[in-house]
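Chemist: Dropping a prediction and its sequence here:
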Amino acid sequence: MCKSGMDANRKLTQLFKIYWPDNGGGIANVMESIADGFLCCRQEIIVCQDSRHKKSADEIYHGVAVRRSRQLFTVASTPVSLRFLLDVKKRTRDSDFVICHFPYPMADLAILLGWYRGKLIVWWHCGIEKYKRLMPFYRPLVRHTLKKADRIFVSSKGNLVHCEMLRPFREKCTVIPFSVSDGYLQRGRKYVLNQQEAAKPVSEKQDTLLKKKNEIGILFIGRLVWYKGCEVLIRAFAKMKEKNRCRLVLVGGGPLEQELKALASYLAPGRIEFAGMVSEEEKLQRLEACDFLVLPSVSKAEAFGLVQIEAMAFGKPVINTKLPSGVPYVSVDGVTGKTVRAGHVRELAEAMDLLAQDDAIRQEYGRNAWERVNREYAREVMVARYEKVFGELLGESRQKKSRMEGCRGQVR
């Protein structure tokens with residue numbers, strides 16, 4: 001048995017279209033967390049090359065074998081690769097578990113063709129709205145994949161409750177929340193304990209990064225795209241009663257950056273900072289220095305909001321929005337922060353004013369947030385949840401084998 005608790009001879013294969021270091025994002029983070037949690041088992045990740053000009057290649061990334069299949073072209077952000085299909089057929093022959101990260105139509109096609117072996121797990125990250133043009137063709141393919149799946153993973157109860165596509169398959173759905181990395185937990189624990197023991201103020205370096213002394217630091221981290229709700233955040237900040245003693249910092253880049261900068265300059269000149277893309281170390285420093293985080297997303301395209309648990313790891317309250325997704329289930333209204341209606345400027349402004357004015361509430365929410373993230377979103381907790389499902393699937397497999405052998409014995 002390996003450290004994770006699963007037999008080291010078991011093989012785990014993950015399928016998706018992209019992976020680090022070529023391309024990443026939230027799904028790649030989930031894939032990496034699974035890979036890290038089961039390093040002592042046999043593993044392989046099958047994805048596409050980041051360019052159709054590159055040949056198929058094999059490599060080891062952070063201790064895990066990665067197969068990058070050559071692609072022919074891209075349609076609707078989907079790499080089309082015949083090589084991917086063949087690689088899935090060949091390389092999953094000895095797999096015990098195949099985790100298909102949804103959505104990627106080529107993986108669904110491999111499943112339709114039956115070109116895989118092992119227990120099939122579908123990691124349902126989001127809906128299929130982004131494939132509107134392909135919907136008439138893709139929907140039946142998705143249904144087939146869900147029907148074939150031995151288990152379906154979702155990151156939150158909210159994503160399960162509000163997803164019509166999953167409704168007929170709820171009996172085989174399992175909620176496995178995302179996890180925050182051990183690095184965040186360790187640094188967050190050190191930060192929180194320092195604050196509790198010595199009530200130390202933020203360092204001078206952090207002051208220059210985020211706020212001046214006695215300012216309330218409000219932080220946003222994410223891409224500057226429409227569904228993140230940054231326009232709503234800026235308008236809400238401008239309506240705050242306490243805005244003159246607050247500073248809003250937006251970390252991240254995106255297509256709306258210039259438009260948002262112009263709006264910020266007009267509504268709250270000198271009070272809103274655009275930090276752009278930052279290093280991981282600077283991101284950690286800004287989380288330490290802020291007073292609370294705001295995730296003002298306006299669409300269920302925001303399925304979970306990983307940045308919430310990153311902030312909670314540092315004992316920071318979170319203001320999020322009431323979306324039909326997993327977002328409001330991560331940071332809980334009235335416990336670890338505030339939840340407001342999506343797109344509601346005044347309600348968001350009032351929530352920010354409340355946290356800016358009341359030190360006691362910020363401390364209470366922050367303490368609850370830190371306890372919740374260590375209890376629910378630690379990496380070891382996530383790995384244990386996977387282990388439980390893998391064990392159940394193996395148990396089902398053994399029972400099925402025993403029944404078949406019993407039937408053969410009766411025939412004889």
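Modeler: Yes, it's here.

Chemist: how about the helices in the stretch 151-300 of the chain?
Modeler: 157-161, 182-198, 204-209, 230-239, 257-267, 280-289 (DSSP state H, counting those that start in this stretch).

Chemist: cool, and the stretch 301-412 of the chain?
Modeler: 306-312, 327-330, 345-357, 359-376, 379-411.

Chemist: What is the first one packed up against?
Modeler: Applying 3 or more C-beta pairs under 8 Å, 6 or more residues apart in numbering; DSSP states H and E, we find helix 306-312 packed against strand 216-221, strand 292-294, strand 318-321, helix 327-330, helix 359-376. In short, each C-beta sits where N, CA and C put it, glycine included.

Chemist: Of all these, which one is nearest residue 269?
Modeler: Minimum separation from residue 269 across the helices and strands packed on helix 306-312 (C-beta to C-beta) falls at strand 216-221, 16.4 Å.

Chemist: Quickly run through the sheet partners of that closest one, with directions.
Modeler: Applying DSSP bridges, strand 216-221 is found paired with strand 246-251 (parallel), strand 292-294 (parallel).

Chemist: Which of the residues in the first one are classified as buried?
Modeler: It stands for strand 246-251. 246-251 (16 or more other C-beta atoms under 10 Å).

Chemist: rewinding a little: tabulate the helices of the stretch 301-412 of the chain (JSON lines), appending mean neighbour count and distance to residue 9.
Modeler: Below are these laid out as JSON lines (neighbours: other C-beta atoms under 10 Å; distance: least, C-beta to C-beta, whole Å):
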{"stretch": "helix 306-312", "mean neighbour count": "26", "distance to residue 9": "32"}
{"stretch": "helix 327-330", "mean neighbour count": "24", "distance to residue 9": "36"}
{"stretch": "helix 345-357", "mean neighbour count": "20", "distance to residue 9": "51"}
{"stretch": "helix 359-376", "mean neighbour count": "18", "distance to residue 9": "31"}
{"stretch": "helix 379-411", "mean neighbour count": "13", "distance to residue 9": "12"}
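
Chemist: To residue 276, which of these lies closest?
Modeler: helix 306-312 (16.1 Å).

Chemist: Quick one: mean pLDDT over that closest one.
Modeler: Here helix 306-312 scores 96 as its mean pLDDT.

Chemist: Ok, stretch 163-183 next?
Modeler: Mean predicted lDDT for stretch 163-183 stands at 93.

Chemist: who's in contact with that stretch?
Modeler: 26, 29-30, 33, 124, 127-128, 142-143, 146-147, 149-157, 160, 304, 306, 309-310, 312-313, 326, 330, 373, 376-379, 381-382, 385-386, 389 (C-beta atoms under 8 Å, 6 or more residues apart in numbering).

Chemist: Sort out which residues of stretch 101-116 are buried, please.
Modeler: Here stretch 101-116 shows 101-111, 115-116 as buried, counting by 16+ other C-beta under 10 Å.

Chemist: right, and the pair among those with maximum separation?
Modeler: Farthest pair in the buried residues of stretch 101-116, by C-beta to C-beta: 103 and 115, 18.3 Å.

Chemist: Once you drop chain neighbours, what's closest to residue 374?
Modeler: Among residues not flanking residue 374 along the chain, residue 185 sits closest, at 6.8 Å (C-beta to C-beta, 6 or more residues apart in numbering).

Chemist: any idea how far residue 222 is from the one you found?
Modeler: 21 Å (C-beta to C-beta, to the nearest Å).

Chemist: In CSV, list the C-alpha atoms belonging to stretch 285-305.
Modeler: Taking Å, rounded to 0.1, in the frame of the first residue of the first chain, the C-alpha atoms of stretch 285-305 are listed here in CSV:
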residue,chain,number,x,y,z
GLN,A,285,1.8,38.7,0.4
ARG,A,286,-1.4,40.4,-0.8
LEU,A,287,-3.5,37.7,0.8
GLU,A,288,-1.7,38.3,4.1
ALA,A,289,-2.0,42.0,3.9
CYS,A,290,-5.7,42.4,2.9
ASP,A,291,-8.6,42.6,5.4
PHE,A,292,-11.1,40.7,3.3
LEU,A,293,-11.5,39.2,-0.2
VAL,A,294,-14.4,39.9,-2.6
LEU,A,295,-15.5,37.5,-5.3
PRO,A,296,-18.3,39.4,-7.1
SER,A,297,-18.9,36.9,-9.9
VAL,A,298,-22.2,37.3,-11.8
SER,A,299,-22.5,34.0,-13.7
LYS,A,300,-22.6,30.3,-12.8
ALA,A,301,-19.5,30.1,-15.1
GLU,A,302,-17.9,30.7,-11.7
ALA,A,303,-18.4,27.1,-10.5
PHE,A,304,-16.4,27.1,-7.2
GLY,A,305,-14.0,30.1,-6.8
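
Chemist: Just give me how far it sits from the chain centre.
Modeler: What separates the centre of stretch 285-305 from the centre of its chain is 12 Å, taken as C-alpha atoms, centre = their mean, to the nearest Å.

Chemist: and what of stretch 141-153?
Modeler: On C-alpha atoms, centre = their mean, the centre of stretch 141-153 falls 21 Å from that of its chain.

Chemist: Having no further points to raise, I will conclude here.
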